[in-house]
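Undergrad: curious how this folds, go ahead:
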Amino acid sequence: MCQITINPTFAGTPTSTGASVTVSGTVTMTLGEPACTNLHVSVLCLQSHMASSGSTAPDAQGNWTITLSVTCTCNDMIEVNVQCVSGAECAAGANGPIVCGSGSTGTGGTGTGSSGSGGTTHCRPKASVLGFPIVIRCQLFLFIMSIGWGTALGMFLFYLGLGPASQNSFGTAVTVIWIVAGGIALIATVVYLIFCRRCLCWFWLLIWRVLWLGGILAAWFRKPICGPNCIITSYIGVGLMILAIIVLFVWQRVCKKTICDAAYEGILYTVAVFFPIVLPLVLWGFPQCTVALGNNFYGPPWGWIVLGLGFVLFWTLLVIGTASQRCSVSFPPPEWDL
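TA: A predicted model of the protein is given here:
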């Protein structure tokens with residue numbers, strides 16, 4: 001398995017535009033795995049949200065170093081992300097202050113992982129099945145987990161709202177959906193926990209995604225003709241969406257992301273699940289139970305409120321993040337390199 005470590009001390013030298021910062025570390029390879037011959041290193045200033053990046057090659061012993069010019073100054077906090085872009089596939093993240101002056105050279109060690117709990121991240125570890133190497137795409141499995149558990153949660157709440165109707169063919173269809181979605185999510189979760197436990201600050205990312213999708217689905221199905229408790233479960237859905245927004249900001253803070261990262265994550269995930277998951281279910285799956293589309297509303301149009309919450313959230317994030325035009329987020333972000 002490819003493993004990247006980042007020295008925790010970031011030596012800096014003041015410049016007229018900010019500072020030049022030196023980042024270094026090592027790359028170790030499992031015997032027989034293709035060598036990592038090129039590293040892409042990016043440095044993000046957490047105060048100015050400005051980023052700088054470059055490439056470097058490890059030496060024969062696996063040591064690497066690079067000096068980049070950044071707009072932040074001495075003692076500012078930076079986030080460093082390193083990814084092998086040729087040969088083996090692995091990545092790591094670290095964060096800390098720029099240290100200028102005497103004693104600024106690092107003493108070695110492992111950088112703080114992007115999981116927020118320390119250590120090295122492995123976003124694309126390799127596994128072997130019957131002797132054939134297989135690249136485990138951790139971001140893809142995390143996405144499958146998010147959609148699977150989110151769909152299962154939303155449809156299970158919908159099932160609870162059906163009441164007596166859950167015993168007919170209508171209830172059977174809902175049951176099949178949440179059981180199949182949950183089964184797929186469980187398989188993806190097992191694979192992820194085996195190979196990808198410390199990748200991409202996964203826990204908070206998963207919780208926000210599951211709550212957001214589950215809340216959207218639960219809030220959309222509201223008509224009492226579908227069950228006596230559908231109105232109650234729709235309230236629960238709106239509550240889950242509000243909780244998801246809070247968890248998204250927790251992810252942004254705990255995992256040392258910027259407001260721009262949160263905006264991109266929110267927008268990408270909503271678009272990714274809205275068209276292939278939400279719309280088919282509410283338009284063609286159970287249109288008689290949704291109040292978001294069409295003119296036959298019952299009581300408050302909660303479906304439109306669901307959409308409104310989403311737009312308010314993401315426009316707020318974008319306005320805050322881009323007000324000074326300082327957003328600098330790679331596309332796709334690391335969480336979406338599927």
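Undergrad: contacts only, for residue 239.
TA: Each residue near residue 239 by Cβ atoms under 8 Å, 6 or more residues apart in numbering is listed here: residue 215. To be clear about C-beta, it is placed using only N, CA and C from the backbone, and glycine gets the same treatment.
Undergrad: what sits closest to residue 92 if chain neighbours are left out?
TA: residue 4 (3.9 Å; Cβ to Cβ, 6 or more residues apart in numbering).
Undergrad: for that neighbour, helix, strand, or coil?
TA: strand (DSSP: H, G, I helix; E, B strand; the rest coil).
Undergrad: residue contacts, it?
TA: By Cβ under 8 Å, 6+ apart, the neighbours of residue 4 are 25, 26, 27, 36, 39, 82, 84, 90, 91, 92, 120.
Undergrad: what lines up beside the helix or strand residue 94 falls within in the sheet?
TA: Assessed by DSSP states H and E, residue 94 sits inside strand 91-100. Strand 91-100 has its sheet partners listed here by DSSP bridges as strand 10-15 (parallel), strand 77-86 (antiparallel).
Undergrad: to residue 98, which of these lies closest?
TA: strand 10-15 (3.8 Å; Cβ to Cβ).
Undergrad: check what contacts that closest one and list those residues.
TA: 19-23, 69, 73-74, 78, 80, 96-100, 104-106.
Undergrad: any chance of a PyMOL selection covering the buried ones in those residues?
TA: Selection of buried members from those for PyMOL, criterion 16 or more other Cβ atoms under 10 Å:
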select buried, resi 19+20+21+22+23+73+74+78+80+96+98+99+100+104+106
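Undergrad: so where's the longest helix in this structure?
TA: In the chain, assigned by DSSP state H, the helix with the most residues is helix 169-195.
Undergrad: what is that helix packed up against?
TA: Contacts defined by 3 or more Cβ pairs under 8 Å, 6 or more residues apart in numbering; DSSP states H and E place helix 169-195 against helix 138-162.
Undergrad: circling back: next structured bit after the longest helix of the chain?
TA: helix 202-220.
Undergrad: can you list the buried residues in the next helix or strand along the chain from that following helix?
TA: If you walk from helix 202-220 toward the C-terminus, the next helix or strand you reach (DSSP H and E) is helix 230-254. Residues 230-231, 233-234, 236-238, 240-241, 244-245, 247-249, 251-252 are the ones in helix 230-254 that count as buried (16+ other Cβ under 10 Å).
Undergrad: I'd assumed residue 30 was in a strand, is it?
TA: No: counting by three-state DSSP, residue 30 is not part of a strand but coil.
Undergrad: what is the helix or strand containing residue 260 packed up against?
TA: Using DSSP H and E, residue 260 maps to helix 259-273. For helix 259-273, the elements it packs on are helix 138-162, helix 202-220, helix 230-254, helix 302-322, judged by 3+ Cβ pairs under 8 Å, 6+ apart.
Undergrad: one more time with 6 Å, if that's ok
TA: Here helix 259-273 touches helix 302-322, going by 3 or more Cβ pairs under 6 Å, 6 or more residues apart in numbering; DSSP states H and E.
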